[in-house]
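*Asks:* My questions are about this predicted structure, shown below with the sequence.
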Amino acid sequence: MQYDLIIQNGTIVDGSGLPRYRADLGIVHGKIATIGKIRASAKEIIDAEGHIVAPGFIDGHTHMDAQVNWDPLGTCSVWHGITSVVMGNCGFSLAPCAEADNDVVMRNLERAEDISPAAMAAGIKWTWETFPEYLDTIENLPKGINYSAYLGHSALRTYVMGERAFHEQATPEDIERMKREVRDSIRAGAMGFTTSRSQSHRTPQGDPVASRLANWDEVRQLVGVMGEMNAGIFEIASENPLDTPEALLDYQTRLKDLAVDTGVPITYGQFSRRSSDDTWRSYLALADETAQAGGRMFIQTHSRALNLVLSFETQMPYDKLPVWRDIRQLPLAEQAAALRDPDMRRKLIGAANQQADDGGKGIGPEARAANYDYLYVMDSGMPPYRTVAELAKEMRKDPTEVVMDLALEKDMKQFFLQPIANENQEHALELMRHPRTVVTFSDSGAHVSQIMDSSLQTHLLGYWVREKQAFMLEDAVRQLTFVPASFWGMNNRGLLREGYAADVVVFDPDRIAPMLPELVYDLPAGARRLKQKSAGIAATVVNGEVLMRNNEHTGALPGQLIRGPLAAK
């Protein structure tokens, strides 16, 4: 037999959690054909000596719905070993929507997910109206990695209700039409249905996105369609704020009842917060209670703090302060000159020091007030990071002055990290270790100039496995491969097994780590984004073809659309 590709001399970590072993991997026609000692020839060989050979990583929470139209590779995810993603989360999809109404869909995405409307207008060739037509478009696009997609509630609501979606409750006729669209979408291969009830999801005008106008009965009826079809997953950006124990109990009871009554698996993201509030633990308990009652619920969590990446090139905590506001509108070189001017510097420091701490609260991924105990200097791709408060004490300077000086030293390109969730890493570890959680939630494709979390997989392997030794490598790989493949029903992925799709990542366990990000202007219409690569990945294989070697594109575009189970039948 001649193989298309052999990955030889590597150490297999197969995604199951079982111990690693030495073996070769032979691939034919996009599938894993042989695992063992291979003496046959191949059209292409990867020498994996000293490297781990693992299933390609799967990210269940992205917002690549727009990006897939102009970025065949799927960056930044592809630079971190990702071979399959799920998009359309939090109620945000680009379908159903007629081209004439695409500004309405973009209104849902622009502020809530920090996706440039100019980039979307320039980068998307609108060839669909319905969600099944959108899936056909994605299937025909050139792709480096594999994509699957949810139907989003905000798009669905605006498609059926138009402008009323942002202001009114749905009528019974509206709901019946939405239910038909859900049914058609699941049959066509949607992975499920998603919604948002999160206060942070707003339009550029500050209004709630369309899904937030829906009452719970509307949500229940739409999820019920999937229950009747026995197919699909329900993802929700959870209701907030829940300021009283009664409100929290009411919401969690509704979630559990929905899972049990419909039989539809429910998933949502969960983080800890800066305060001593341990509400997040009640959601872990909720998932266990739901399982005991006969429902299915799994929780998406993160491998580190959820950080805003701040810089003078993007956003800073001072941008809305009166003295700062005018300065921050100037070109970067003029901002630097203002920071060097002694009189202006005193005014800026004074204004910053009068800013009240907002307790880390804010709207979505917008910069919070500057609490210097929670503002870190990002000088490498992984922790430990020092706080501005620590440096100010050591240097005997005002902390705002430290921020200025550090920025000036790096030509205004110094990055600072401002955590808005999972600040306590022991809590993050507890979340990751719970049996009903999955390490995902990169939001890749969204918040492109605000948050840099496409690297959560390489962070898990570099920081928690190698540096902290909090996980065995086999357990961490399982969290990134078999667990999400199982939760999202990708039945022939997530494991290295003969007959499975040949999605493979080859990496050096002693080197794998995220690198420092950089700000680039490479989106359509010249829109900006943060770009972050990784070190230590020797090869990424998708559907049997080598997509990346040493994180450089080979020119291949082997990605596929992964449709839901009903479409496969």
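*Replies:* Cool, got the structure.
*Asks:* So Ser311 is in contact with Lys413, correct?
*Replies:* Yes: using C-beta atoms under 8 Å, Ser311 makes contact with Lys413 at a distance of 6.4 Å. Just so you know, the C-beta spots here come from the backbone N, C-alpha and C atoms, and that holds for glycine as well.
*Asks:* Can you tell me the element Met178 falls in?
*Replies:* Using DSSP states H and E, the element containing Met178 is helix 172-188.
*Asks:* Which elements pack onto that helix?
*Replies:* helix 131-140, strand 151-152, helix 153-161, strand 192-196, helix 216-229, helix 565-568 (3 or more C-beta pairs under 8 Å, 6 or more residues apart in numbering; DSSP states H and E).
*Asks:* and the fourth one, which strands flank it?
*Replies:* Think strand 192-196. Paired strands of strand 192-196, with direction, are strand 151-152 (parallel), strand 233-237 (parallel) (DSSP bridges).
*Asks:* average pLDDT across it?
*Replies:* Average pLDDT, strand 192-196: 98.
*Asks:* which residues sit against that strand?
*Replies:* 88-93, 112, 150-154, 182, 185-186, 209, 211-212, 214, 219, 222-223, 225-226, 232-237, 264, 564 (C-beta atoms under 8 Å, 6 or more residues apart in numbering).
*Asks:* now the angle between helix 153-161 and the helix holding Met178, please.
*Replies:* For helix 172-188 against helix 153-161, the angle by axes from the mean of the first three to the mean of the last three C-alpha atoms, to 10 degrees is 130 degrees.
*Asks:* Longest strand in this structure, please.
*Replies:* Looking across the chain with DSSP state E, the single longest strand is strand 3-12.
*Asks:* and it, C-alpha only, in PDB?
*Replies:* These are the backbone C-alpha positions of strand 3-12, laid out as PDB (Å, rounded to 0.1, in the frame of the first residue of the first chain):
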ATOM      1  CA  TYR A   3       0.000   6.100   1.700                       C
ATOM      2  CA  ASP A   4      -0.800   9.700   0.900                       C
ATOM      3  CA  LEU A   5       0.900  10.800   4.100                       C
ATOM      4  CA  ILE A   6       2.900   9.100   6.900                       C
ATOM      5  CA  ILE A   7       3.600  10.800  10.200                       C
ATOM      6  CA  GLN A   8       6.500   8.800  11.500                       C
ATOM      7  CA  ASN A   9       8.600   8.500  14.600                       C
ATOM      8  CA  GLY A  10       6.200  10.500  16.800                       C
ATOM      9  CA  THR A  11       4.600   9.900  20.200                       C
ATOM     10  CA  ILE A  12       0.800   9.300  19.900                       C
END
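*Asks:* what packs against that strand?
*Replies:* Secondary elements touching strand 3-12 (3+ C-beta pairs under 8 Å, 6+ apart): strand 21-28, strand 31-36, strand 42-47, strand 52-55, strand 504-507, strand 537-542.
*Asks:* Give the buried residues for the third one.
*Replies:* Looking back up the chat, that one is strand 42-47. Ala42, Ile46 (16 or more other C-beta atoms under 10 Å).
*Asks:* what's the angle between the helix holding Met178 and helix 131-140?
*Replies:* Using the same axes, to 10 degrees: helix 172-188 against helix 131-140 is 30 degrees.
*Asks:* averaged over its residues, what pLDDT does helix 172-188 have?
*Replies:* 98.
*Asks:* before we move on, what about stretch 65-78?
*Replies:* Averaged across stretch 65-78, the pLDDT comes to 95.
*Asks:* about what we covered before: and the helix holding Met178, what's buried?
*Replies:* Asp174, Ile175, Arg177, Met178, Lys179, Glu181, Val182, Arg183, Ser185, Ile186, Arg187, Ala188.
*Asks:* I am assuming the third one contacts Arg157, so please confirm or correct that.
*Replies:* No: Arg177 is beyond contact range of Arg157, at 10.5 Å (criterion: C-beta under 8 Å).
*Asks:* list the contacts for Ile349?
*Replies:* Residues in contact with Ile349 (C-beta under 8 Å, 6+ apart) are Asp398, Thr400, Glu401, Met404.
*Asks:* is it possible to export those residues to CSV including secondary structure?
*Replies:* Output for the contacts of Ile349, formatted as CSV (DSSP: H, G, I helix; E, B strand; the rest coil):
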residue, secondary structure
Asp398, coil
Thr400, helix
Glu401, helix
Met404, helix
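*Asks:* pLDDT score assigned to Glu110?
*Replies:* Looking at Glu110, the pLDDT reads 75.
*Asks:* Hmm, it is touching Pro204, no?
*Replies:* Yes: contact criterion C-beta under 8 Å: Glu110 and Pro204 qualify, at 5.2 Å.
*Asks:* before we move on, the earlier item: can you redo the helices and strands packed on strand 3-12 as TSV with distance to Gln270?
*Replies:* Shown next, in TSV, are the helices and strands packed on strand 3-12 (distance: least, C-beta to C-beta, whole Å):
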stretch	distance to Gln270
strand 21-28	34
strand 31-36	34
strand 42-47	38
strand 52-55	25
strand 504-507	26
strand 537-542	28
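*Asks:* still on that earlier bit, Glu110 and Pro204: who's more crowded?
*Replies:* Legend: neighbour count by other C-beta atoms under 10 Å for Glu110 and Pro204, higher for Glu110 (20 against 12).
*Asks:* tell me the contacts of that one?
*Replies:* Per C-beta under 8 Å, 6+ apart, neighbours of Glu110: Ser116, Pro117, Thr203, Pro204.
*Asks:* change it to 6 Å
*Replies:* Contacts for Glu110 were tallied using C-beta atoms under 6 Å, 6 or more residues apart in numbering; they are Pro117, Pro204.
*Asks:* please begin residue numbering at 250 from this point
*Replies:* Shifting the count to begin at 250 puts that one at Glu359.
*Asks:* Against Met631, how distant is it?
*Replies:* Separation of Glu359 from Met631 (C-beta to C-beta, to the nearest Å) stands at 32 Å.
*Asks:* again, but for Ile485
*Replies:* 31 Å.
*Asks:* These two: who's more crowded?
*Replies:* Legend: neighbour count by other C-beta under 10 Å for Ile485 and Met631, higher for Ile485 (24 against 19).
*Asks:* So the more buried one sits against Tyr517, correct?
*Replies:* Yes: Ile485 is within contact range of Tyr517, at 5.0 Å (criterion: C-beta atoms under 6 Å).
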